[in-house]
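In: The amino acid sequence is not available; the structure is as follows:
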């Protein structure tokens with residue numbers, strides 16, 4: 001239940017806030033009107049203040065109770081995040097009279113409206129968690145996802161709404177939502193029109209799919225095919241604005257060129273530059289990105305940025321419009337299960353890097369080297385034999401975002417395997433169709449036959465689309481590598497483009513000029529006076545001979561070393577026995593472990609000794625998108 005004194009204070013604050021903006025009517029299909037106001041009068045407190053106004057026309061019957069629901073997750077991030085935990089100071093009134101309310105469950109507030117045709121609620125949301133999927137408000141900026149901030153009326157997910165933002169002086173507002181039409185704003189004495197803006201959303205799916213950045217951000221603008229794009233940058237960094245504009249524009253042009261359609265009126269990249277951040281999340285006509293502010297100092301950093309941008313931008317087709325079975329319309333109150341995240345995310349990862357190549361931002365060699373590293377990293381995960389791509393997709397709600405020390409042995413990421421499946425599928429379709437079709441055609445087919453016809457695809461639909469382009473059955477491929485856990489025969493598929501995979505690490509031999517190094521099989525990290533064991537890989541010498549995750553390594557052969565020195569000693573002792581002293585559960589113990597051996601060389605893509613004209617054509621059309 002609520003506290004009456006907090007209720008009265010909250011309603012007074014809400015009235016003051018509303019004096020700065022006019023109410024814009026957003027009438028839903030059932031005739032109700034929903035208007036939100038978001039303000040941040042004291043940004044340093046990390047509290048976003050939300051007012052929600054509901055109006056029911058006289059032509060409609062009104063109920064005595066109304067339930068308001070806060071989403072527990074946001075699309076694009078498949079984990080129940082319990083956004084309702086940050087709500088405080090909830091209050092409701094009608095015509096200045098307080099209304100009773102109660103919570104029905106963790107994320108549902110029931111308001112006794114007593115038949116009122118106009119009523120409102122006010123609440124605050126604590127916003128001090130920076131990520132692309134949560135909310136952050138401080139003295140420097142505000143960033144929020146509406147699913148983590150705004151409630152919706154039960155049964156009213158399809159209703160339109162407006163959202164008025166009241167920003168601090170000197171701050172600007174960026175979002176993918178369009179401005180509200182006929183929005184008359186009276187900013188009042190302490191606000192200017194630039195600090196108060198009203199936006200509109202056709203329904204709550206669109207509202208929840210439109211994050212906001214409010215700050216004194218920088219902006220870079222460019223057009224593609226006459227459509228405006230902007231990069232909104234919050235934070236400082238060592239980027240070159242002209243290069244950023246040029247490179248991002250090339251990526252957009254390459255991806256638009258593949259689909260040959262722009263399904264939006266404008267596009268906003270919201271880029272946060274921080275000392276320690278990363279990742280992105282996709283939206284219908286925007287994306288929010290996090291990137292380390294000083295990683296633009298070398299080409300490696302720029303390539304990482306290009307890959308992030310290309311991945312998230314490709315999502316505007318793949319997953320935001322080409323939707324797996326369960327992903328839209330969404331149920332925001334519980335998990336939405338699908339077995340196709342390896343397509344939605346993994347194939348997007350495949351195209352992300354491929355589009356950077358097609359945009360001309362990296363060379364063939366750089367792209368192929370990246371593929372070889374991805375394969376080598378994936379093959380080093382014991383969990384690849386324990387979980388299929390479809391299983392990883394289905395289990396994302398309990399595994400992908402909650403890894404533990406055994407995850408490397410028991411699971412895979414649908415990002416990692418999905419990227420490699422995209423590669424192999426693309427080359428196999430090109431081979432079977434004599435290079436007449438490709439995975440590009442599959443994605444275009446899904447866009448036109450499913451998105452444009454307002455349909456979601458099932459796993460069977462995706463397989464059929466691939467088979468349609470290949471011109472023959474791909475049942476064996478999907479049975480063994482998508483639904484199954486069989487090892488993927490890379491060379492069998494790479495040969496379609498005249499390529500092979502050289503995997504020196506797969507051959508335990510000193511022949512061929514490859515140097516052998518000692519192999520322990522544990523992932524380590526420095527931690528003060530100790531070396532922490534993060535995980536131990538199944539089948540490795542460490543795993544078979546008793547080293548445990550969470551052990552703290554104190555000494556190697558009686559020597560106290562840091563991580564770098566420890567790994568150097570291990571590398572020099574091929575198949576020798578070493579003594580590792582660890583602190584485990586506050587007890588010291590020493591383990592004798594006989595090391596293994598591996599070759600000290602990366603996997604690499606190589607051209608086959610001889611290639612046919614067909615293989616050359618596949619190679620060129622694959623990497624150049626023609």
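Out: That came through fine. All values reported here derive from a predicted model rather than from experimental measurement. Numbering: from 1, shown residues only.

In: Quick check: mean pLDDT of stretch 424-431?
Out: Model confidence over stretch 424-431, given as mean pLDDT, is 98.

In: Give me the distance between the two termini of stretch 373-388.
Out: 21 Å (CA to CA, to the nearest Å).

In: distance between the ends of stretch 395-411?
Out: This stretch, stretch 395-411, spans 10 Å end to end (CA to CA).

In: May I see the buried residues of that stretch?
Out: By 16 or more other CB atoms under 10 Å, the buried positions in stretch 395-411 come out as 395, 396, 397, 399, 400, 407, 408, 409, 410, 411. (Glycine included, C-beta is placed from N, CA and C.)

In: Show me those that map onto helices.
Out: Members of the buried residues of stretch 395-411 lying in helices (criterion: DSSP state H): 407, 408, 409, 410.

In: Once you drop chain neighbours, what's closest to residue 313?
Out: Closest residue to residue 313 apart from its sequence neighbours, by CB to CB, 6 or more residues apart in numbering: residue 255 at 5.9 Å.

In: Pick the one among the ones in helices among the buried residues of stretch 395-411 closest to residue 271.
Out: residue 407 (29.8 Å; CB to CB).

In: Look up phi and psi at the residue lying farthest from the centre of the chain.
Out: Most distant from the centre of the chain: residue 558, at 44.8 Å, with distances by CA atoms, centre = their mean. Note on residue 558: backbone dihedrals following degrees, to the nearest 10 are phi 80, psi 0.

In: Quick one: low-confidence residue ranges for the protein.
Out: Within the chain, the ranges that satisfy pLDDT under 70 run 1-31, 182-194, 505-513.

In: any idea which element the residue nearest the centre of the chain lies in?
Out: Centroid check for the chain by CA atoms, centre = their mean gives residue 281 as the closest residue, at 3.9 Å. Assigned by DSSP states H and E, residue 281 belongs to strand 279-282.

In: Which parts of that strand count as buried, going by neighbours?
Out: Those would be 280, 281, 282, for strand 279-282 by 16+ other CB under 10 Å.

In: now that we're looking at the closest residue to the last one other than its chain neighbours, how far away is residue 294 from it?
Out: Right, residue 282. Leaving aside its sequence neighbours, residue 282 sits nearest to residue 315 (CB to CB, 6+ apart; 3.3 Å). Here the distance between residue 315 and residue 294 works out to 26 Å (CB to CB, to the nearest Å).

In: Of these two, give the one with the bigger neighbour count.
Out: Applying other CB atoms under 10 Å to residue 315 and residue 294 shows that residue 315 carries more neighbours, namely 24 against 13.

In: got the contact list for the more buried one?
Out: Going by CB atoms under 8 Å, 6 or more residues apart in numbering, residue 315 touches 76, 282, 287, 348.

In: Which pair of those residues spans the longest distance?
Out: With CB to CB as the measure, no two of the contacts of residue 315 lie farther apart than 287 and 348, at 11.8 Å.

In: Residue 156: which element?
Out: Using DSSP H and E, residue 156 falls within no helix or strand.

In: Same question for residue 477.
Out: Using DSSP H and E, residue 477 falls within helix 475-477.

In: Name the next helix or strand downstream of that helix, please.
Out: Using DSSP H and E, the helix or strand that follows helix 475-477 in sequence is helix 490-494.

In: and whatever helix or strand comes next after that next one, which strands flank it?
Out: As assigned by DSSP H and E, the chain's next helix or strand after helix 490-494 is strand 499-502. Applying DSSP bridges, strand 499-502 is found paired with strand 604-607 (antiparallel).

In: Run through who's touching the helix or strand following the partner strand.
Out: Using DSSP H and E, the helix or strand that follows strand 604-607 in sequence is helix 613-624. If you take CB under 8 Å, 6+ apart as the criterion, helix 613-624 is touched by 354, 357-358, 364, 367, 426-427, 430-431, 434-435, 438, 495-499, 608, 611, 626.
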